[in-house]
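1. Give me coordinates for this.
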Amino acid sequence: MINDFYQRTYDKIAPAVARNPIWKRLTRTAFSAKVTKYALSSVFAFAISNIAFAFFYWANFSTTVCSIVGFVVAAIPNWIMNRRWAWQQGGRPPVRQFVSYAIVSIAVLVASSLVTGFTNKQVQSVPQHYGLRLLIVTGSYILVTVFFFVLKFVIYEYYVFAERRRAKDDVTSLRQVSKMARANRMP
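-> Sure, this is the predicted structure:
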C-alpha cells in the first residue's frame, strides 16, 4: 500500500525534478549528487527532529526525553533516505553497516542530550511562559545537529556506506605507493 503510493508519487515528481536546472547543477557529478541528496535527507530529518524536540520540551518533558524522541523520529527515515537514495544501496544492509550507523547516531544522541541538559540548567532563571527558554534550549539542540552534519557525512562516506572492496583497494594502493617510493629513492 505505502510502496504503491510512494512509487506513483515518485513517478510523477521525479521527471520534473530531473529537468530542473538547479537540480542538474547540484547533481552534475556522482559525488555532488551524493552530497546534495545527503543534505536534503538531513534537512528533512533535521526538521522533523526539531519539531519533535520542541513539542516535547514545550510539553514539559526532560531534555533527555526530548532528545531521544527527536533522535528516533529522525533516525529511521534518515537511515532509509541516506542508504537508498544518497548512497544508492539496496537490499538487506550488512550488519557492520547497521551497527556503525547506530553507533554514530547514538554518539550524536548522547551529545545532544548532554548539551541540551546543560543549556536547560543554565536558563532556569528565564520564565517558561515567554517561550525564550524553549528557543534557547531548542537552539542548543540545533547547534549540536549542525556541528555533526559534516562529520557524519565523512564517516558515512568513508566507513558506514563505503564498499568493503573500495576500502581494501585504498589500503592496498597506499602500500604500493609506499613500496614504489622506497624503490625509487636514490642512495
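
2. Every contact and neighbour count from this point should use C-alpha atoms.
-> Noted.

3. list the contacts for the residue nearest in space to the middle of the chain?
-> Centroid-nearest residue in the chain, with C-alpha atoms, centre = their mean: residue 42, separated by 5.1 Å. When contacts are counted by C-alpha atoms under 8 Å, 6 or more residues apart in numbering, residue 42 is found next to 78, 149.

4. Give me the average confidence score over stretch 37-55.
-> When pLDDT is averaged over stretch 37-55, the result is 92.

5. Counting neighbours, what do you get for residue 138?
-> Neighbourhood size, residue 138 [other C-alpha atoms under 10 Å]: 23.

6. thinking again about what came up before, please tell me how far the residue nearest to the centre of the chain sits from residue 59.
-> Noted for residue 42: a distance of 25 Å to residue 59, by C-alpha to C-alpha, to the nearest Å.

7. related to what we said a few turns ago, element containing the residue nearest to the centre of the chain, please.
-> Secondary-structure assignment from DSSP states H and E places residue 42 in helix 30-58.

8. Now the helix or strand where residue 137 lies: buried residues?
-> Element membership for residue 137 (DSSP H and E) is helix 132-155. Within helix 132-155, the residues that count as buried by 16 or more other C-alpha atoms under 10 Å are 133-134, 136-142, 144-145, 149, 152-153.

9. Next, report how far it is displaced from the centre of its chain.
-> 12 Å (C-alpha atoms, centre = their mean, to the nearest Å).

10. List the contacts of it.
-> 38, 42, 46, 50, 53-54, 57-58, 67, 104, 108, 111-112, 115-116, 119-120, 123-124, 126-128.

11. Adding distance to residue 16 and pLDDT, write the buried residues of helix 132-155 out as JSON lines.
-> Shown next, in JSON lines, are these (distance: C-alpha to C-alpha, whole Å; pLDDT from 0 to 100):
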{"residue": "133", "distance to residue 16": "42", "pLDDT": "88"}
{"residue": "134", "distance to residue 16": "39", "pLDDT": "87"}
{"residue": "136", "distance to residue 16": "39", "pLDDT": "92"}
{"residue": "137", "distance to residue 16": "39", "pLDDT": "90"}
{"residue": "138", "distance to residue 16": "36", "pLDDT": "89"}
{"residue": "139", "distance to residue 16": "35", "pLDDT": "92"}
{"residue": "140", "distance to residue 16": "37", "pLDDT": "93"}
{"residue": "141", "distance to residue 16": "35", "pLDDT": "86"}
{"residue": "142", "distance to residue 16": "32", "pLDDT": "89"}
{"residue": "144", "distance to residue 16": "35", "pLDDT": "89"}
{"residue": "145", "distance to residue 16": "31", "pLDDT": "86"}
{"residue": "149", "distance to residue 16": "28", "pLDDT": "90"}
{"residue": "152", "distance to residue 16": "30", "pLDDT": "92"}
{"residue": "153", "distance to residue 16": "27", "pLDDT": "93"}
